[in-house]
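> Pasting the sequence and the predicted model now:
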There are 2 protein chains.
Amino acid sequence: DIGRQVLGPEPPGFLSGLNIVISAGPTREPLDPVRYITNRSSGKMGYALADAALSAGANVTLISGPVNLAVQAGAKLIPVETALQMYDAVMTHCPTADIYIGAAAVADYRPQQLAECKIKKGSDTSNIALVKNPDIIAAVAGLQPKPLVVGFAAETDDLENYAKNKLQTKNLDLIAANWVGQAEGGFESDRNALQVFWPGGQQILPMTDKHTLAAQLLKLIAEKLHEKNPVKNS
Amino acid sequence: DIGRQVLGPEPPGFLSGLNIVISAGPTREPLDPVRYITNRSSGKMGYALADAALSAGANVTLISGPVNLAVQAGAKLIPVETALQMYDAVMTHCPTADIYIGAAAVADYRPQQLAECKIKKGSDTSNIALVKNPDIIAAVAGLQPKPLVVGFAAETDDLENYAKNKLQTKNLDLIAANWVGQAEGGFESDRNALQVFWPGGQQILPMTDKHTLAAQLLKLIAEKLHEKNPVKNS
């Protein structure tokens, strides 16, 4: 438009030129062609982060489990279903990333066996043998060089302890913790509140809509990236 | 409109005045506050049947697991999540129904224990103990008097045998069988084909959109109801 031509190009966003990989949504761990184990993640927080990162000028790769959401034009969307597929996609894209945000609710376990045919109902009881899925965020944090790694902790109890423990044991740069299973906020809500921890500090981002919260969290992430690497994006 | 006023009221549909209960969609069987076992049912066939039954003049009660669909105004929608909740809703509404169509993909099993807090990741392997859910359609078919009971069989293999066996062992009046996990049709598709069986007969409804298929199936259901009970709705 005319104003833009007179004023020159829009000033670059605070994440201009940075590569951000975001994983979002649940994973589905199939038992057979029709049944699977999953969780209540809606993907809303991860998609809000992708939108906010695009607005801040980042190159966004969004690796997403099955959700009913659309992402802004401009993001590279990589749809996946299982934790193993998400692991592969994340590990493919993170070596060239400046920031990785693990906002997906990745299944900790998958069924040991995937039946080729629909399993028929049999005895009165049954059981599903499970094996552990790879720890995606710990794998990213183990890369050399590694991007700035941001995790999420969605907990029903003892939030602060779990979050601080996850920050340390997984070697994360930042962790955003939120309650789930509460009256407000969490997985299926449009609103959320976050308690953000980093080595030596913390900040509370109070209950608001997930889009405002995403922009606030990205500002904090940009600060941490700048502290860690003052040359880049200064 | 004027035409309608001149021509008089619209002729009653072929299901006018009949009470139809339809169950649709998947069920979710929770492991803890965030994780659950479910299946790929989209609910599209059940919702298409509800729409078609409304258009044919029926009083429609739609008992639905979690789906991303809207039903036409006029249906009584009862949202449920688990198989146990669906069982309760169906058994509440079926004693006054003329027709019950079980189009839901009800989980055969549920986790034996529902954890109050989110289960933490532990050892490399784990397992989920399961117990059998009640057989909703068999319970409806056991009511005295019972509505006309229509079941579905979604199978990945040996479709005809499974369907005929289910028709007989569950004492159904009609069963609509369809392949899942194929290139076309099935759970997540907008299209489907059905092979319909009843005691002593069968009919194939070829691949088409689920709305056309729903209307065709309802015509067949109305014929069976008329054969079974020539007095009602004649």
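Noted; the coordinates are in hand.
> C-alpha from now on. contacts and neighbour counts both.
OK.
> near chain B, which residues of chain A show up?
Residues of chain A lying close to chain B (C-alpha under 8 Å from any C-alpha of the partner chain) are A:33-41, A:108-109, A:117-118, A:121, A:123-132, A:155-157, A:180-181.
> Among those, name the buried ones.
A:33-41, A:108-109, A:118, A:126, A:128-132, A:155-156, A:180-181 (16 or more other C-alpha atoms under 10 Å in any protein chain shown).
> returning to what we had before: out of the residues of chain A next to chain B, which are inside helices?
Judged by DSSP state H, the residues of chain A next to chain B include no members of helices.
> What lies in contact with stretch A:134-148?
Here stretch A:134-148 makes contact (C-alpha atoms under 8 Å, 6 or more residues apart in numbering or on different chains) with A:83-84, A:87, A:90-91, A:94-95, A:97-100, A:102, A:108, A:149, A:151, A:170-173, A:225.
> Of those residues, which belong to helices?
Mapping the contacts of stretch A:134-148 onto helices (DSSP H) picks out A:Ala83, A:Leu84, A:Tyr87, A:Val90, A:Met91, A:Leu225.
> I figured the first one hits A:Gly25, correct?
Spelled out, it's A:Ala83. No. Counting by C-alpha atoms under 8 Å, A:Ala83 sits too far from A:Gly25 to count as a contact (10.9 Å).
> for chain A, what are the low-confidence residue spans?
Across chain A, the ranges flagged by pLDDT under 70 are A:1-11, A:181-187, A:231-234.
> Tell me who's in contact with the residue nearest to the spatial centre of chain A.
Note on chain A: the residue nearest the mean C-alpha position is A:Ala103, at 1.6 Å, using C-alpha atoms, centre = their mean. Taking C-alpha under 8 Å, 6+ apart, we find A:Ala103 in contact with A:Ile22, A:Ser23, A:Ala24, A:Gly25, A:Gly43, A:Met45, A:Gly46, A:Gly151, A:Phe152.
> can you tell me which of those residues are in helices?
Reading helices off the contacts of A:Ala103 with DSSP H, I get A:Met45, A:Gly46.
> Mind picking the two most distant members of the contacts of A:Ala103?
Farthest-apart pair in the contacts of A:Ala103 is A:Gly43 and A:Gly151; separation 14.4 Å (C-alpha to C-alpha).
> wait, is A:Gln195 part of a strand?
Yes. If the criterion is DSSP: H, G, I helix; E, B strand; the rest coil, then A:Gln195 is within a strand.
> show me the contacts for A:Asp108.
A:Lys132, A:Asn133, A:Pro134, A:Asp135, B:Lys121.
> Can you lay out the residues you listed as TSV showing distance to A:Ala56?
Output for the contacts of A:Asp108, formatted as TSV (distance: C-alpha to C-alpha, whole Å):
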residue	distance to A:Ala56
A:Lys132	36
A:Asn133	33
A:Pro134	31
A:Asp135	29
B:Lys121	35
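> Closest to chain B out of the ones in helices among the contacts of stretch A:134-148?
Taking C-alpha to the nearest C-alpha as the measure, chain B sits nearest to A:Ala83 out of the ones in helices among the contacts of stretch A:134-148, at 14.2 Å.
> and the gap between the nearest residue to A:Ser23 once chain neighbours are set aside and chain B?
In this structure, A:Ser23 finds its nearest non-sequential neighbour in A:Ile63, 4.6 Å apart by C-alpha to C-alpha, 6 or more residues apart in numbering or on different chains. Shown here: A:Ile63 relative to chain B, a distance of 20 Å by C-alpha to the nearest C-alpha, to the nearest Å.
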